[in-house]
Each structure stands twice: as C-alpha cells, then as structure tokens.
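Undergrad: Using only what follows, build the 3D model:
(2 chains)
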Amino acid sequence: MEPILSVNNLNVSFQTYEGEINALRGVSFRVNKGETLAIVGESGSGKSVTAKTIMKLLSKQNSCINGGEVIYNGQNLIPFGERAMRKIRGSEISMVFQDPMTSLNPTMTIGKQIVEGLRQHEKMSKKEARKRATELLNLVGIPNPEERLSEFPHQFSGGMRQRVVIAIALACNPKVLIADEPTTALDVTIQAQILDLMNNLQKKLQTSIILITHDLGVVANMADRVAVMYAGEIIEMGSIDEIFYSPQHPYTWGLLASMPKLHADRSERLLPIAGSPPDVSQLSDGCSFAARCPYAMKVCHKYNPLKTDVTGSHSVSCWLQDKRAGKVDSAIEIGEISYAT
Amino acid sequence: MQHKEKLIEITGLHKHFNVKKGKVLKAVDGVTLDIYKGETLGIVGESGCGKSTLGRTIIRLYDPTSGVISYGGNDIKSIKSKEQKKSLQKKMQMIFQDPYSSLNPRKTVIEIISEGLVVHEPDISVTQRVEKVYHLLELVGLSRNHANRYPHEFSGGQRQRIGIARALAVNPEFIIADEPIAALDVSIQAQIVNLLKDLQEERGLTFLFIAHDLSMVKYISDRIAVMYLGNLVELTTSDNLHDNPLHPYTQALLSAIPVADPEIERTRERIILEGNIPSPIDPPSGCRFRTRCSHAMDICRTDIPEWREAKDNHFVSCHLYNE
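TA: Have a look, this model is predicted:
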C-alpha cells in the first residue's frame, strides 16, 4: 500500500524562558490510504505538536522545525509558505480539534462557517455551497439540516457541535483527517455516537485518519495501526493487534497494565507506571523512559536505543530488543513481580 | 458484602437551583440512598446528571432544598450548635477533581495540609502539627522535603496526592472524591486509585466516588449508583451492575464505553443512544430517560417509575420491571 502522508525524522523545538525544549525528536511514520493511525501518549508526549507541525499551525515566534520532512502527495510541506499551506489545509488535510466549544466562531452561523471553507477551496456559487452544506450536515447526522444552517454554535449541544466541526473538516473531501482528541470533551454516550460517525464516514469516503488520543479504549475501537509516543519520540509502532496483544516496549506494557481489565477482580491491584513523565526540557542521555522503567539496564541510561523491527509492521525502540539483553517473556507477569516488591 | 451498618442515610433528597426567568433547575430530584460504613459507593452518570451536586449536598456545600440526610443516625439539618457542626465537618472531607484549581497557589504545601488541623485540632503544638503533616505526606507517597514548596512545583498526580493528604489531615470517616482521577494521565490514574484503595484498607474509610469513567468506578467500588437527570436509575453491587444491568440507560452506558481490547471492540454490539441529554430545567414527563430509550412504552410517558428492589440488592427505577 502506498502511503498518502509520510513524516520523516521530524524535529521540533520550542523556545521558552527555561531554554530550548525539544518537543519532537526524530518522529517518523506514514499513513496509508483509508486507514486510521492512532497516536497515543500522555500529556506532553508531543502528540498534538506532531499534528500541528503537519498542518504548519505552530506559532513561528517560539517554535522551530529543526529538520525532517512531511511528504504529502510527493511534496515536502515543511518549506511551504502560509499561502501555499492555505490551499492544503481544509482541502487536502484537515483537522478536528478537541474542544467543540472553542473551535467554532461564536459570532457566525453554522451555515456561514461551512460555506466559507467550501468557497475558499472550490469554485461554487453561494447557492451551491449552501446546498452542499445541507448535505454535509445530513451526512454527519444533524436533524433538520436546512433550518440549523442559520443557527449559531451556542444553539448546539457539545456532541452536535463536534458533528458540525467534523462536517466542516470533511467539506472539501480531504484525503487526510487529523483528529486531535475528538471525543475527550464529550460524554461517553455522545462519544460512542461520534466514534460511530467517524467510522462510518471513513468507510464511505475512504479518508485516512490520524487519531490523536490518550484513551486506549478509543484506540481499540478506531485504529488500524498505533504509534505510541513518549517524551517526543515514537517508542513503538505496529498494527493494532501487535500493540495490544504483543507489545514490546515496557512503557506500552505499563500503559496497558494500568487500565483496569473488564473482568478484573477488585482485589487485584492496578499496575501503575512509577514516577511521572519526564520534563522534556531536562532530558538526560539515554532512553527517556529509563528513569521509570523497571527493566532498565546500564546501557539504557547512557545511550538512546535504536529502532528495531520486530515484524515488517512492528517496530520498537528499546534495548531489551538487543541480543545481549536478558529475555523478558511475558510483559504483564514480570510487571507484577517487579511492582509487587 | 455484609457490613450493613449504615453511615449515611439519604431520603428523598432534592436540590433545586433557581435559574433565570423564574425557572427551576432540579439538579437532584428525589434521591434515596444509603451509604454503608467502610464501603466505596460509586456514582456514575454523564455531565449534568447531578452527581457532583449530590456529593456537594451530602457534604453540605449546598443546603438541600428538601429531604433528609442523616449521618450516623443524626439528621444533619437539625444540628444547630457550632461545636456539633464542626465535629461533623471533621468527619466528612472532600477530594476535588481539578488538582490545579483546588489548591491555593499562594500557600505552601504545609500550610495547605495543616489548615484543617489548625481549625479542628487547635490544641496540638506546632511541632506536633508539622510532624503530622510530614507523616501525611509520606502516607500519600510524597516526601517531607516537599512540605515547604508551592503547588505549582508539582505535577498533576502529585497535586492530587496533596489534595488527598489535606482531606486525610483531620482523620475523617467519610470522603467524597469528585472525579479525583479525571484530570490525570492514564499511568498516573492507576497510582492514585491504588493509593485510595490502600488508605481505605488501612483506615477503614468510607468513600463516595463520583466519576464518569465506569471502568475505573467498577474497579474501585463495592456498589455503584447510576444517575440520569437528577434521579438514580439503578443501584447494585459493582459486579452485578456490570454482568446484569437492568435499566436500559445502564445498558447503553456500559456498551458505550470503549474497551481497550481490539478483539472485543470488533465483535461487540454497541447500543448507541439517540439524541442528547434533555435539559434538567425542563425534563421529560414520566420517566426521564424515555426520550432516548428504545424500550419506551406508553406508561413511560405518563408515570414516573418507582424505585424498587427488582432483585436482591438490586434497585432500579424502570417500568420494564414492574410487577
């Protein structure tokens, strides 16, 4: 399968009062046509920065892309200027943000906001654009679309607003949709509606989705492939089954073990990852997870592990993959032993 | 599960708020509930269902509109003297959702934690108080070196630990935890949940655990109450609720939660609820869930379903389970 978007060795840093922060350190992945790639990680791991870098939405004042490329349709987007990016945003790659309360303009009707995007990218009369807007609202499951076009965002509930945001994002049939925590601000029953909607639309429109989330449940529901991020790096990437059923990185083990199992006994303890995510402004040498890793060896504190392929689709950056490392058979079991002490 | 000593009895609790245009928002509308000593009772529901208002009314951050809350057999409304009020406050403490806004940024950790001690145990000496704070910090997994720092120097998970230490300072019997883990990262959530469980075992605390994340609630609670638009719709043991939910809303809520297991996600059938939660200012007549319920019948429109014990220890309010 041919990748529709590929990100190669992306490095992004921010200037702050406390010095330079390397928010992304060598992030590479590709997205194939019609698939969903989930990027998971905790807050501060660089998930949203990745999305914003692809869309070139980072503030130029304090951020700097230090290297790497974002290849879309054979072109590298990194050198693109604002004017060229405007043609890409919305029509080729579009984005759904976390908070449906703030991502719509409160002073414009929904109809105007959808039509605005359509007319920006496609030659359309106002009438045609309005008709298309009605179809879009219908597509995302908003009842009485024609009447609702002339309503303002505050007249919609949170779930309905997120549907509108999705309608706007899909207005010009983008090839890639980046969804940054699209359901985090929503209630579970509404989340189920939106996930269902996104799954159905993807089947219908063959859009590729980059789904950014911290919720492994949402990942299991939506994704084809998963990239796990930690402190600005992708530490493990693989198909959904590989990540959930044969994870290789201790951080991925930890993430999975810290969630309660469906039929878990309540007397069983959860297995949290000790410590807290590192301060990316003060990273020391070696693997960034070493300080929290129960299996850390001497080498982990000194040298950054190399990316190793486990299978053709599954890669991991961890010294445990090295031939010289001791063998760790079953992640969860060993996890229990080491955390119990 | 036979620790049957009731710590808190709530009967017909209402909490209404007056909103503009003379309308009334019935945030909690007739909740009857017992909380047993030493148990963890989970309350789940979506935003706006009244779960936080219920918690805050129990701890008297709000005055109930009507209904009775009795703590250890005494109606808390009848308590008039300052002394008695104080001793009640000491028994009930709260842990808040947002570890960022619930700690005063201008106070050091030691000031935050010892505030309750100053009020409730004014007789102890300063050195004793400091010792006590150190002990509390160690109890919640922080170190005594943290005592003189300010909240902004801590991560979200650590702040939540400070919030827990503050709640424990006055040796309460009963703790209301309102979404204590919602603002935290997954790996940190498990740390806090484990800490709460350990503290409960050590100190025999009673917990009211308010959350929207059913999988964590199931893990931590002995019993779970499900709320919808100000009413309880179902109450039973945690396993029962999970294996055999009776109310259509509970069934939908359980099926809506994505499980972190792709195999299960691929095969399971989801009940997707239509529409949104109606406004609590103008709730539907009869059963409040009927507008989104796939089993709705004529009677649901006219009659409010009774709160009944459909099975042993399994309460539900739904016309499907009428005799």
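Undergrad: Give me the below-cutoff pLDDT ranges for the stretch 201-341 of chain A.
TA: Scanning the stretch 201-341 of chain A for pLDDT under 70 picks out A:262-264, A:328-341.
Undergrad: The stretch 101-250 of chain B: strands as residue ranges?
TA: Ranges of strands in the stretch 101-250 of chain B, per DSSP state E, counting those that start in this stretch, are B:174-178, B:206-211, B:223-228, B:231-237.
Undergrad: Next, format these as a markdown table and append mean neighbour count and distance to A:S281.
TA: C-beta coordinates here come from the backbone N, C-alpha and C atoms, glycine included. Below are the strands of the stretch 101-250 of chain B laid out as a markdown table (neighbours: other C-beta atoms under 10 Å in any protein chain shown; distance: least, C-beta to C-beta, whole Å):
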| stretch | mean neighbour count | distance to A:S281 |
| --- | --- | --- |
| strand B:174-178 | 24 | 32 |
| strand B:206-211 | 24 | 33 |
| strand B:223-228 | 25 | 42 |
| strand B:231-237 | 24 | 47 |
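Undergrad: can you list these in CSV and add distance to chain A and mean pLDDT?
TA: Output for the strands of the stretch 101-250 of chain B, formatted as CSV (distance: least, C-beta to the nearest C-beta, whole Å; pLDDT from 0 to 100):
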stretch, distance to chain A, mean pLDDT
strand B:174-178, 16, 94
strand B:206-211, 11, 93
strand B:223-228, 10, 94
strand B:231-237, 10, 94
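Undergrad: Of all these, which one comes closest to A:E42?
TA: Proximity to A:E42 (C-beta to C-beta) singles out strand B:206-211 among these, at 19.3 Å.
Undergrad: got the angle for that closest one vs strand B:174-178?
TA: Comparing the axes of strand B:206-211 and strand B:174-178 via axes from the mean of the first three to the mean of the last three C-alpha atoms, to 10 degrees yields an angle of 10 degrees.
Undergrad: Restricting to C-alpha, output strand B:206-211 in CSV.
TA: C-alpha atoms of strand B:206-211 as CSV (Å, rounded to 0.1, in the frame of the first residue of the first chain):
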residue,chain,number,x,y,z
THR,B,206,-16.0,5.2,53.6
PHE,B,207,-15.8,6.6,50.1
LEU,B,208,-18.3,8.2,47.8
PHE,B,209,-16.5,8.0,44.4
ILE,B,210,-18.0,10.2,41.8
ALA,B,211,-16.9,9.6,38.2
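Undergrad: In its sheet, which strands sit next to it, and in what direction?
TA: Note on strand B:206-211: by DSSP bridges, its sheet partners are strand B:40-44 (parallel), strand B:174-178 (parallel).
Undergrad: Just want the angle from that strand to strand B:223-228.
TA: On the basis of the same axes, to 10 degrees, strand B:206-211 is oriented at 40 degrees to strand B:223-228.
Undergrad: does the residue of chain A positioned farthest from its centre sit in a helix or strand, and which one?
TA: Most distant from the centre of chain A: A:K127, at 35.6 Å, with distances by C-alpha atoms, centre = their mean. Element membership for A:K127, per DSSP states H and E: helix A:126-139.
Undergrad: repeat for A:T102
TA: Here A:T102, judged by DSSP H and E, is contained in no helix and no strand.
Undergrad: What of A:Q98?
TA: Per DSSP H and E: nothing holds A:Q98, as it lies in no helix or strand.
Undergrad: for it, phi and psi?
TA: Main-chain dihedrals, A:Q98, degrees, to the nearest 10: phi -70, psi -50.
Undergrad: Let me see the contact set for B:F174.
TA: Contacts for B:F174 (C-beta atoms under 8 Å, 6 or more residues apart in numbering or on different chains) come out as B:L7, B:I8, B:I35, B:Y71, B:K91, B:M92, B:Q93, B:L205, B:T206, B:F207, B:L208.
Undergrad: Looking at those, which is nearest chain A?
TA: B:F207 (13.0 Å; C-beta to the nearest C-beta).
Undergrad: any idea which helix or strand comes after the helix ranked longest in chain A?
TA: Longest helix in chain A, counting residues (DSSP state H): helix A:188-205. Using DSSP H and E, the helix or strand that follows helix A:188-205 towards the C-terminus is strand A:208-213.
Undergrad: Just checking: what are the partner strands of that following strand?
TA: Under the criterion DSSP bridges, strand A:208-213 sits next to strand A:36-40 (parallel), strand A:176-180 (parallel) in its sheet.
Undergrad: interface residues of the stretch 101-250 of chain A facing chain B?
TA: Contact residues, the stretch 101-250 of chain A versus chain B (C-beta under 8 Å from any C-beta of the partner chain): A:157, A:159-160, A:187-193, A:195-196, A:214-221, A:240-241, A:244-245.
Undergrad: can you tell me the average pLDDT over stretch B:62-71?
TA: Mean pLDDT, computed over stretch B:62-71, is 91.
Undergrad: and of the contacts of B:F174, the nearest to B:P280?
TA: Using C-beta to C-beta, B:L208 comes nearest to B:P280 of these, at 20.9 Å.
Undergrad: May I have the beta-bridge partners of residue 8?
TA: Since you didn't name a chain, this refers to chain A. For A:N8, the beta-bridge partners under DSSP bridges are A:E69.
Undergrad: My question was about chain B, not that one.
TA: The partner list for B:I8 in beta bridges (DSSP bridges) reads B:I35, B:Y71.
Undergrad: Surely it and B:N74 touch.
TA: No - B:I8 is beyond contact range of B:N74, at 10.6 Å (criterion: C-beta atoms under 8 Å).
Undergrad: picking that back up, identify each buried residue in the helix holding A:K127, please.
TA: Using 16 or more other C-beta atoms under 10 Å in any protein chain shown as the test for burial, helix A:126-139 gives A:A129, A:R130, A:R132, A:A133, A:T134, A:L136, A:L137, A:L139.
Undergrad: for stretch B:276-290, same thing?
TA: Buried residues in stretch B:276-290, counted by 16+ other C-beta under 10 Å: B:N276, B:I277, B:P278, B:P280, B:P283, B:P284, B:G286, B:C287, B:R288, B:F289, B:R290.
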